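> Pasting the sequence and the predicted coordinates here, then a few questions.
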Amino acid sequence: MPQRTPKQNLIANIWLVVALFATLAYIASYYLRQTQPVEPVYEITYTRFKALLNEGQVVSVVMRGLDVQGELHSEQSIGPNEEYAMRFTTRLPVMDDATLLPALEQHQVDVKVLSAEDKPGIMAFIISFLPWLLIIAFWIWIIRRTQRQISGGLGSKGELGKFLSRHAQAAEIPETTFDDVAGQENAKREVTELVEFLKSPEQFRKLGAEVPRGVLMMGPPGTGKTLMAKALAGEAGVRFYSISGSEFIEVFVGVGASRVRNLFEEAKKNAPSIIFIDELDSIGRTRGTGLGGGHDEREQTLNQILAEMDGFSGHEAVIILAATNRPDVLDPALLRPGRFDRHVVLELPDRNDRIAILKVHTRKVPLADDVNLEDIAAGTPGFSGADLKNLVNEAAMLAARDKEVIVTMRYFDDARDKLLLGTVRTLAIQPEERHRLAVHESGHALVAYYLPHADPIYKVSIIPRGRALGVTHQLPEQERHTLPEDYLQDRLAVMLGGRCAEQELLGTVSSGADDDIAQATALARSMVSRWGMSKEIGPVDLRDSEEHPFLGREIAQPRRFSESSAQAVDNAVKQLLKDAEDRALELIRQQHTQLESLIQTLEKNESLDREQVESCLEGRNQKQAL
Ligand code: ATP
């Protein structure tokens, strides 16, 4: 479909409006012709009307308010220039003419009286026509929009032009290099070969070497997949076409596929280049499963990507990078050799990598002498690159809010508290409830302190933050890649420690343990049904949900085991939780005095860090195995 210039579009729109009004005017005139007489009608004075009446010339009159329309027996010269006519109009005087009705009766004139509102005004007509006008306008708008969408999808330069220009403009050579990607050495090593290929494709061609066309980057959110792709393009000095999978998809089937075709064409024209498809899982889910909607548009788009990848001659210096958090749901056709067959996994950074990432992001931040990036890195296990960037930014914002010119360690601590525990909330809490909170949080902290495999405490607080009223946060000393059974058992006991303390000291439990119980139950269920940590069940996979590999969330799946196995899992879960509760209770009873003193200190200070908890519980070396 040929593309219209904006001027042509404007002219087309004006024509449309003119055509609409012409139609309307025609309908209006037709309507008015129906309601108005065709013969000539002249306005005459009231005196002349009375004279005609008294002469017996008037046959009938129609009165509407003060307006009168009348008809004569025969044509009379009543026009302004003595023209002959049979119809006339006139207006009655405002004051009542008592002689009029008797005169009308006397000459046997047919009188019809209408209410003044019955007058068919043009406004009334337009108002009655307005809904139709709106419907027609809406209908025209829909048709024009559809045309634009389709022409955009099917290759004209309309919407597609905008789509392409958006991405082509962005398709510059990025300034990002591997220096901006801290850590991730394994991933960098994997992609270095691609840089060589993009820099001098001739070298590879001469030897007949085929370089991978598709590289799939996977890893938890915020680990730098997009950053790595950009750095690859920056290092190689090639154009970078970045697009998110969801941007291909439109309401109209065929639009996504057409966009893919055009984007690949554009990239090939400007080879060597990189196409980066973010959120590949949004279009690349296994076809025909119905997962994620499974509609035609998505499948056609995916098919087009596969076709384009197959269409590469093998010597074209275009590499497609894609990123996903859900490699498990991707269509196997995407992962087979010749497509996204090279997989680069980006991990959460370890301590050294965290230091390196912090160095990258504090390059432009004026740091005080007391800021120790190693300490910050040590206190942020589990943080992704994006989290660390956020931490630095948050600290700088807090300092700026205090009108400081440099960022001190205190701001980093506050920023970490904010990110880990949530923003401080003001909330009126009754003394009794506050005491219960202190008992609950001290229970968690005490159990965490005394159990040998539990993570050390980071902070205990009864200041409401985020959604929680109080919080006991633990931080592992090093990142964990596997979770040993004794560690998990201690973790269960810590989770139930708050409730046990309430029960032991206050005699009753409260709804405050809601989240603890939910988390402990979920953990115990995983221990039993996935990790074979129950003697009764043994090493059998009895899970009823599937975990996202990088998102840590679970999706329910149909049960594939018997009712009796499900019952056995339930019993084993209950037993694990019961054992954990017994251990926590026993510890609380043993360390009753320490618990009392911790509660008092917490109520006084509202928030305690690791050192304060340790000094309150009589030194660091008191850990004892149960
Ligand atoms: P998502 O899966 O959510 O799309 P992603 O893995 O693509 O996330 P990026 O968008 O690349 O993550 O990273 C987010 C931000 O985190 C980047 O702007 C970058 O500054 C920072 N970042 C992540 N990893 C690193 C790293 N290794 N070195 C430096 N900065 C990093």
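Nice, I can see it.

> Pull the contacting residues for the nearest residue to residue 224 once chain neighbours are set aside.
Once flanking residues are discounted, residue 224 sits nearest to residue 385: 4.7 Å by C-beta to C-beta, 6 or more residues apart in numbering. C-beta here means a position set from N, CA and C on the backbone, and glycine is covered the same way. Going by C-beta atoms under 8 Å, 6 or more residues apart in numbering, residue 385 touches 182-183, 222-224, 227, 349, 357.

> Nearest to residue 590 among those residues?
Set against residue 590, the nearest of the contacts of residue 385 by C-beta to C-beta is residue 349 (39.5 Å).

> and that closest one, how many neighbours?
27 (other C-beta atoms under 10 Å).

> How about residue 590?
Counted with other C-beta under 10 Å, residue 590 comes out at 14.

> mind checking pLDDT for it?
Per-residue confidence for residue 590 comes out at a pLDDT of 92.

> cool, and residue 63?
Residue 63 is given a pLDDT of 87.

> who does the biggest strand by length in the chain touch, helix- and strand-wise?
Ranked by number of residues, the top strand in the chain under DSSP state E is strand 67-77. Judged by 3 or more C-beta pairs under 8 Å, 6 or more residues apart in numbering; DSSP states H and E, strand 67-77 is in contact with helix 46-54, strand 58-64, strand 84-91.

> Now that strand: buried residues?
68-72, 76 (16 or more other C-beta atoms under 10 Å).

> which ones are touching residue 24?
129, 133.

> same thing with residue 58?
With C-beta under 8 Å, 6+ apart, residue 58 has these contacts: 49, 52, 70-73, 104, 107, 109.

> And the residue nearest to it when sequence neighbours are not counted, how far from the ligand?
Distances taken as C-beta to C-beta, 6+ apart put residue 109 closest to residue 58, at 5.1 Å, once the chain neighbours are dropped. Distance of residue 109 to the ligand, given as C-beta to the nearest ligand atom, to the nearest Å: 88 Å.

> Identify the residues contacting residue 109.
53, 58-61.

> Out of the residues you listed, which end up buried?
Here the buried ones among the contacts of residue 109, as counted with 16+ other C-beta under 10 Å, turn out to be 53, 58, 61.

> Can you find the helix or strand in the protein with the smallest mean pLDDT?
Lowest by mean pLDDT, DSSP states H and E among the helices and strands of the chain is helix 159-170, with a mean of 54.

> From residue 231, how far off is the residue of the stretch 201-350 of the chain at minimum distance from the ligand?
Relative to the ligand, the nearest point of the stretch 201-350 of the chain is residue 224 (2.7 Å; C-beta to the nearest ligand atom). Applying C-beta to C-beta, to the nearest Å, the value for residue 224 to residue 231 is 9 Å.

> joint contacts of the two?
residue 181.

> The nearest residue to residue 63 once chain neighbours are set aside: how many residues sit nearby?
Of all residues not flanking residue 63 in the chain, residue 113 sits nearest, at 4.8 Å (C-beta to C-beta, 6+ apart). Using other C-beta under 10 Å, residue 113 has 9 other residues around it.

> buried ones in the host helix or strand of residue 113?
Applying DSSP states H and E as the criterion places residue 113 in strand 110-114. Under the neighbour-count criterion of 16+ other C-beta under 10 Å, strand 110-114 has residue 111 buried.

> Perfect, that will be all.
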